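K.L.:
sequence and predicted structure are below.
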Amino acid sequence: MFKSRFKTLALLSIAGVVLFWFLGHNINVQAQTPLRDPVTGSCECPYDRTSTGRLCGGNSSYSKAGGSVKPVCYVEDQPSPTASPSPSPIPTASPSPTPTSPPQDSTDAHLKYGNPSNATFEVDKSDNYLLLKPQYAISYNRSKGIANWVSWQLNSSWLGDTPRQDDFRPDSSLPSSWYRVTPTDYTNSGFDRGHLTSSEDRGATVQDNSATFLMTNIIPQSPDNNRGPWVQLETYCRELVKQGKELYVVAGGVGEGGTGEKGAMTSLAGGKVSVPASTWKVILVLNSSWEQVSETTRTIAVNMSNTQGIRIRKWQEFRVSVDEVEQQTGYDFFSAIEPTVQSMIEAKVDNQ
Ligand code: MN
Ligand code: MN
């Protein structure tokens with residue numbers, strides 16, 4: 001009697017320990033969505049939802065920096081066992097087709113092949129400050145008032161018929177003590193408010209499209225660059241996606257001083273916004289979302305002068321190697337790719 005009771009107790013304890021270990025282990029491997037650094041000691045959500053689709057607001061946590069792999073601010077991104085209450089009423093009438101939502105791990109996807117300048121959430125490294133959004137990742141440069149680069153995944157799940165939102169606005173996810181560039185800083189400058197992540201690359205939802213109009217995704221672009229070879233290449237990228245391909249794109253500006261409709265300028269708004277000398281883009285082209293990167297994987301890189309007079313030129317004329325853009329910018333693209341493969345795909349100049 002005593003023996004069997006003891007046996008049961010022992011078994012239960014073992015089961016308990018195993019269960020405890022399992023739960024603990026599981027919590028450790030949960031994806032954590034980083035939030036921006038606290039200015040006041042509390043964490044703020046830079047966007048409305050975590051990468052698993054839960055509302056961000058109530059779930060933010062704060063961990064002291066140092067030694068941990070956890071970002072300073074993060075969301076415990078555990079999938080909720082029950083569906084979270086939807087704030088909008090469930091439509092009962094017309095059965096509308098469910099839009100394809102971006103992949104669950106969309107935030108991580110944008111840096112899947114590397115973080116070109118090792119941008120971080122450290123507020124004191126304000127010229128290489130990481131902004132992670134569900135729609136793209138940015139290295140922001142506070143002194144320049146523009147991004148160093150924006151990186152994004154592009155596959156069919158991101159495309160759709162959402163109308164262009166045109167809601168250019170300051171990015172409130174920047175630390176509150178920093179100047180936040182406004183749409184009017186570009187007014188009458190002779191330069192376009194040029195998108196890095198193209199508006200049409202984010203057409204699946206209103207939220208996604210609207211995110212491309214944050215001023216941290218915008219650079220002063222000469223109209224002939226923006227509406228000429230630059231937009232041609234953007235359109236070509238979406239054509240590749242419509243053929244079933246998956247792209248990883250990084251874009252930015254380099255150098256200082258361009259020429260817009262009102263002549264040459266090095267900055268706008270009294271020095272608040274730097275005008276790049278050229279705009280560059282590097283693209284990794286996978287034939288499908290499950291294809292592994294290999295020595296034969298296609299890359300496309302361009303560097304286009306930020307000047308007038310190039311509108312009728314073809315985007316193909318501006319092709320260079322990824323290596324060339326790395327030299328110009330000082331960044332390392334595709335650093336997550338094995339070195340021998342990386343050097344092969346970065347050395348060639350696309351000719352397709
Ligand atoms: Mn554009
Ligand atoms: Mn590289």
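P.N.:
Noted; the coordinates are in hand. Ligands and ions are numbered 1, 2, ... in the order given.

K.L.:
can you confirm residue 327 is in a helix?
P.N.:
Yes - with DSSP: H, G, I helix; E, B strand; the rest coil as the criterion, residue 327 is part of a helix.

K.L.:
for it, grab the count of nearby residues.
P.N.:
11 (other CB atoms under 10 Å). (C-beta placed from N, C-alpha, C; glycine too.)

K.L.:
before we move on, what about residue 221?
P.N.:
Using other CB under 10 Å, the number of residues around residue 221 comes to 25.

K.L.:
partners of it in the sheet?
P.N.:
residue 192 (DSSP bridges).

K.L.:
list the contacts of it.
P.N.:
Contact analysis of residue 221 by CB atoms under 8 Å, 6 or more residues apart in numbering lists 191, 192, 193, 194, 230, 253, 258, 279, 306.

K.L.:
and it, how close does it get to residue 196?
P.N.:
Residue 221 sits 9 Å away from residue 196, going by CB to CB, to the nearest Å.

K.L.:
then residue 170?
P.N.:
Distance from residue 170 to residue 196, by CB to CB: 16 Å.

K.L.:
between these two, which is the more surrounded one?
P.N.:
Remark: of residue 170 and residue 196, residue 196 carries more neighbours, 26 against 15, as counted by other CB under 10 Å.

K.L.:
excluding chain neighbours, give the residue nearest to that one in space.
P.N.:
Nearest residue to residue 196, sequence neighbours excluded (CB to CB, 6 or more residues apart in numbering): residue 150, at 3.9 Å.

K.L.:
and stretch 324-335, what's buried?
P.N.:
Within stretch 324-335, the residues that count as buried by 16 or more other CB atoms under 10 Å are 324, 325, 326, 329, 331, 333, 334.

K.L.:
how about the nearest residue to the last one, chain neighbours excluded?
P.N.:
The spatial neighbour of residue 334 that comes closest, neighbours along the chain excluded (CB to CB, 6+ apart), is residue 113 at 4.7 Å.

K.L.:
OK, contacts around the one you found?
P.N.:
Residue 113 neighbours (CB under 8 Å, 6+ apart): 248, 284, 293, 333, 334, 335, 336, 337.

K.L.:
partner residues bridging the closest residue to ligand 1 within the stretch 251-352 of the chain?
P.N.:
Closest approach between the stretch 251-352 of the chain and ligand 1, counting by CB to the ion: residue 279, at 9.6 Å. Per DSSP bridges, the residues bridged to residue 279 are residue 253, residue 304.

K.L.:
what mean pLDDT does stretch 180-190 have?
P.N.:
Averaging pLDDT along stretch 180-190 gives 98.

K.L.:
quick one: it near ligand 1?
P.N.:
No - on the criterion CB under 5 Å from the ion, stretch 180-190 is out of touch with ligand 1, staying 12.8 Å away.

K.L.:
report pLDDT for residue 294.
P.N.:
At residue 294, the model reports a pLDDT of 98.

K.L.:
correct me if wrong: it contacts residue 338.
P.N.:
No - if you go by CB atoms under 8 Å, residue 294 and residue 338 don't touch, sitting 9.6 Å apart.
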